[in-house]
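Trainee: Just to be clear, the model below is a prediction. Sequence and coordinates:
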Amino acid sequence: WLKPRRLENCIASRLLGKRCFSIKMRVSVLALAGHEVASIVVEPSWTLRDVLQQVHDPTQALSLHSRVFHHGLELLPGVSLAAIGVCEGSQLTLVNMAAWRILTV
């Protein structure tokens, strides 16, 4: 994964013609079906963990495996929202899958 040296050099931001300078920004989180799950205020430095803490009900978090995407780029653990081009007004897509339950003997 390439980490941009500066926010304005972010590959995704250049492709979208946007720059991520805002300290706090409001983004929408959509389900795969397209309906809005949440509208949250985030910081460019937030990672997957920060986003999921704001979106998930704490009682559901253990039973779900969640992935977050922005324009086809996945927000991977340790990667910031700014690195994948998230700016004010962006839409994130939340994909929830049931956690795999594996029984070992």
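Mentor: Nice, thanks for sending it over. Note that this is a predicted model, so its numbers are computed, not measured. Numbers count the residues shown, from 1 in each chain.
Trainee: Centre of the chain to stretch 77-92, how far?
Mentor: Distance of stretch 77-92 from its chain centroid, counting by CA atoms, centre = their mean, to the nearest Å, is 6 Å.
Trainee: Ok, stretch 76-93 next?
Mentor: Distance, centroid of stretch 76-93 to centroid of chain: 5 Å (CA atoms, centre = their mean).
Trainee: got a list of what the nearest residue to S90 once chain neighbours are set aside touches?
Mentor: Distances taken as CB to CB, 6 or more residues apart in numbering place V27 nearest to S90, at 4.8 Å, with adjacent residues excluded. All C-beta atoms are positioned from the backbone trio N, CA, C, and that covers glycine. Applying CB atoms under 8 Å, 6 or more residues apart in numbering, one finds that V27 lies in contact with 39-40, 42, 81, 86, 88-92.
Trainee: In ChimeraX, how would I select just the buried ones from the residues you listed?
Mentor: Buried subset of the contacts of V27, written as a ChimeraX selection, criterion 16 or more other CB atoms under 10 Å:
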select :40,42,81,86,90,92
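Trainee: what's the closest of the contacts of V27 to V55?
Mentor: Using CB to CB, I40 is the member of the contacts of V27 that lies nearest V55, at 6.9 Å.
Trainee: Which residues does the residue nearest in space to the middle of the chain form beta bridges with?
Mentor: By CA atoms, centre = their mean, the mean C-alpha position of the chain lies nearest to V68, the distance being 4.5 Å. Assessed by DSSP bridges, V68 has beta-bridge partners L94.
Trainee: Right, I'll leave it there.
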